[in-house]
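A.B. asks: What shape does this take:
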Amino acid sequence: MNEDRGPAGRARGPAPAPAEIERALEHAWGLLEAGAPEKVAGLLRPLLEGGVADPDDRADLHHLLGVACEDSGDREGMVAEWLEARRLDVEGDDEARELGEAEFARVVQDALDELPPEILERLRNVPLIADDRPSEEMVRDGTDPRILGLFHGLSMPHESTLGPAFPDTIHLFARNIERVSADERELREEIRVTVLHETAHYFGFDEDELARLGLG
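C.D. replies: Numbers count the residues shown, from 1 in each chain. So this is what the prediction gives:
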């Protein structure tokens, strides 16, 4: 029987099955929640070295390794893992988004229309940019490549005392929102929640407050 060979000519067993990868990812998230990120690499790295065939599975493993590096304070490792996860995600993209740009923009506007007029007036000069996902530069700066949205700048309460030192921008990442949505109805709701979530960040709400509002 032919035998696959790993690095340096070492024998390598059969590639891990999808169910094994899923169990490992669940276990890894449990380790992170338990405050043991240092154990994640020992769990996930052997799977990658074993030859994971599916690019989506490889991307999931690299992404979670990046999260573990972040929690461990290993910024260099985090960026390396997240850049690889991003590369694999990009390679796996369909040619077109599930919603075209015009329809995506309409769903965004519908979400904004839920806000009171005085809030919309304050947002008038805050650009809202829809990209597929964070750029490589953003990932190198420490942004999770699978984040759904991002408010960049100073929240409004800080601007009132410090002045607008940074350009305020709200980013939406369409491919990432698609990735966590099971169908079009869920996709539209995820866009809505992400718009309201990042808008609330501009007004100074933190993650705990957003969770209480159902926008976590």
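
A.B. asks: what's the average pLDDT for stretch 173-183?
C.D. replies: When pLDDT is averaged over stretch 173-183, the result is 95.

A.B. asks: Render the CA-only coordinates of that stretch in CSV, please.
C.D. replies: The C-alpha trace of stretch 173-183 is given here as CSV (Å, rounded to 0.1, in the frame of the first residue of the first chain):
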residue,chain,number,x,y,z
PHE,A,173,-18.1,43.0,4.9
ALA,A,174,-20.5,41.3,2.6
ARG,A,175,-18.8,38.0,2.0
ASN,A,176,-18.4,37.5,5.7
ILE,A,177,-22.1,38.3,6.4
GLU,A,178,-23.0,35.8,3.6
ARG,A,179,-20.8,33.2,5.3
VAL,A,180,-22.8,33.2,8.5
SER,A,181,-26.2,33.3,6.9
ALA,A,182,-28.1,30.1,6.1
ASP,A,183,-30.4,31.6,3.5
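
A.B. asks: in terms of contact, does residue 140 touch residue 83 like I think?
C.D. replies: Yes - shown here, residue 140 and residue 83 form a contact pair, counting by CB atoms under 8 Å, at 7.3 Å. Where C-beta positions appear, they are placed from N, C-alpha and C, glycine not excepted.

A.B. asks: Following the helix or strand bottoming out on mean pLDDT in the chain in sequence, what is the next regular element?
C.D. replies: The least trusted helix or strand in the chain, going by mean pLDDT, DSSP states H and E, turns out to be helix 156-162, with a mean of 47. Counting by DSSP states H and E, the next helix or strand C-terminal to helix 156-162 is strand 169-173.

A.B. asks: quick one: strands adjacent to that next one?
C.D. replies: Using DSSP bridges, the strands paired with strand 169-173 are strand 128-131 (parallel), strand 149-152 (antiparallel).

A.B. asks: Lowest average pLDDT across these?
C.D. replies: Mean pLDDT is lowest for strand 149-152 out of these, coming in at a mean of 86.

A.B. asks: Pull up the gap between residue 81 and residue 196, please.
C.D. replies: 30 Å (CB to CB, to the nearest Å).

A.B. asks: more neighbours, the two?
C.D. replies: residue 81 (25 against 19; other CB atoms under 10 Å).

A.B. asks: residue contacts, that one?
C.D. replies: 62-63, 65-66, 69 (CB atoms under 8 Å, 6 or more residues apart in numbering).

A.B. asks: same thing with residue 44?
C.D. replies: 24-25, 28, 61, 64-65, 68.

A.B. asks: That one: helix or strand, and which one exactly?
C.D. replies: Secondary structure from DSSP H and E places residue 44 in helix 40-49.

A.B. asks: Just the closest of the contacts of residue 81 to residue 177, please.
C.D. replies: Nearest to residue 177 out of the contacts of residue 81 is residue 63 (CB to CB; 15.8 Å).
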